[in-house]
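[1] what shape does this take:
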Amino acid sequence: MDKHEVLISVKKEQTTMKTSLDIIVRPTEIDVNGHVNNAKYLEYLEWGREEWYEAGDLRYDVLKQLGVQTVTVNININYRKECSQGDRLTISTEPKSVGRTSYVMLQQIHNKEGELCADAEVTSVAMDPHTRKSRSVPEELRRLFPS
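    Numbering: from 1, shown residues only. This is a model prediction of the structure:
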């Protein structure tokens, strides 16, 4: 795999969609302590969520047509193992639950040895782009969550 290549695999089970995104830690993601900076993990998780939306055919332009934006309102992250330059990581994303206006996703970052490096529970809200207020989660997004 090329150092900058991103591999994507998507797995659908019943009505629940799970995705995984493979990345390689780059030198610019390392902090003065010689490992991935804690803020970078949040970025990795964002990449994983964006991949999940795209795999569900919910790119930004599609969400815009549906009259919705998604806003992350809470992230609870556990840092389990440090990651270093050159590490190959897999970011997995799966839906946990959906309410009227919000939804929760579970994410994990594993290294190539399968060790858990970080896990997170991410809450997002569906927002009307014009009123900037929460709105109901559209059916196109809701269908990707377990019933």
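[2] most centrally placed residue in the chain?
    Centroid-nearest residue in the chain: Arg49, 2.3 Å away (criterion: Cα atoms, centre = their mean).
[3] can you tell me the element it falls in?
    Assigned by DSSP states H and E, Arg49 belongs to helix 38-55.
[4] isn't the residue nearest to the centre of the chain up against Tyr103?
    No. Counting by Cβ atoms under 8 Å, Arg49 stays clear of Tyr103, with 11.0 Å between them. Every C-beta, even on glycine, is put in place using the N, C-alpha and C of the backbone.
[5] so which strand or helix has the closest residue to the residue nearest to the centre of the chain other than its chain neighbours?
    Using Cβ to Cβ, 6 or more residues apart in numbering and skipping the chain neighbours, the partner closest in space to Arg49 is Thr93 (5.8 Å). Applying DSSP H and E as the criterion places Thr93 in strand 88-98.
[6] would you mark the buried spots in stretch 86-106?
    Applying a neighbour-count criterion of 16 or more other Cβ atoms under 10 Å, one finds 87, 89-95, 98, 102-105 buried in stretch 86-106.
[7] check what pLDDT Ala55 gets.
    With respect to pLDDT, Ala55 scores 95.
[8] was I right to think it contacts Met17?
    Yes. Contact criterion Cβ under 8 Å: Ala55 and Met17 qualify, at 6.5 Å.
[9] distance from stretch 113-128 to the middle of the chain?
    Relative to its chain's centre, stretch 113-128 lies at 6 Å (Cα atoms, centre = their mean, to the nearest Å).
[10] report the buried residues of that stretch.
    Neighbour-count burial for stretch 113-128 [16+ other Cβ under 10 Å]: Cys117, Ala118, Asp119, Ala120, Val122, Thr123, Ser124, Val125, Ala126, Met127.
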